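Peer 1: The following block contains a protein sequence and its predicted model.
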Amino acid sequence: MVGIYIDGEKIGAVSDDAYAESLSKNKCLELRDSQGHTIALFPLSTTVDADEPLVPWDATFTRKELERRRCEPSFTFEEMKKRLGWE
């Protein structure tokens, strides 16, 4: 059997109110087995630092950088195939 915990406190079922409250307080949802061993952790944070790296192997790739790249002019896959001479 798996138990549901929010910041170490066992709860029955996750209600919408408990989930919303946990989100607002940046808590952590845990799934534990019957012996109390943690199976999974789910951070419930809705705030993300725009300057925090998204991938550990490239510290320059932040949410801010991702948004900057997304807003740059781009082209479709069909246009890319033409540029590469595939069509």
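Peer 2: Ah, there it is.
Peer 1: going forward, measure contacts and count neighbours with C-alpha atoms only.
Peer 2: OK.
Peer 1: ok, which stretches of the chain are strands?
Peer 2: Applying DSSP state E to the chain gives strands spanning 3-6, 9-11, 28-32, 38-43, 53-55, 58-62.
Peer 1: Mean pLDDT, mean neighbour count and distance to Trp86 added to those, as CSV?
Peer 2: Supplementary listing: the strands of the chain in CSV, determined by pLDDT from 0 to 100; neighbours: other Cα atoms under 10 Å; distance: least, Cα to Cα, whole Å:
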stretch, mean pLDDT, mean neighbour count, distance to Trp86
strand 3-6, 70, 19, 52
strand 9-11, 74, 12, 57
strand 28-32, 77, 19, 48
strand 38-43, 77, 13, 44
strand 53-55, 79, 14, 32
strand 58-62, 84, 13, 30
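Peer 1: Looking at those strands, which is nearest to Ser74?
Peer 2: The minimum distance between Ser74 and the strands of the chain falls on strand 58-62, with 18.5 Å, by Cα to Cα.
Peer 1: Show me what the closest one pairs with in its sheet, parallel or antiparallel.
Peer 2: strand 53-55 (antiparallel) (DSSP bridges).
Peer 1: Give me the spatial nearest neighbour of Arg32, chain neighbours excluded.
Peer 2: When the adjacent residues along the chain are set aside, Arg32 lies closest to Thr38, with 4.3 Å between them (Cα to Cα, 6 or more residues apart in numbering).
Peer 1: number of nearby residues for Arg83?
Peer 2: Other residues near Arg83 number 10, with proximity taken as other Cα atoms under 10 Å.
Peer 1: who are the neighbours in contact with it?
Peer 2: The neighbourhood of Arg83, defined by Cα atoms under 8 Å, 6 or more residues apart in numbering, contains no residues.
Peer 1: Could you report the pLDDT at it?
Peer 2: The predicted structure scores Arg83 at 90 on the pLDDT scale.
Peer 1: One more: Met80?
Peer 2: Predicted confidence (pLDDT) for Met80: 90.
Peer 1: What is the burial count for it?
Peer 2: Residues lying near Met80 (other Cα under 10 Å) number 13.
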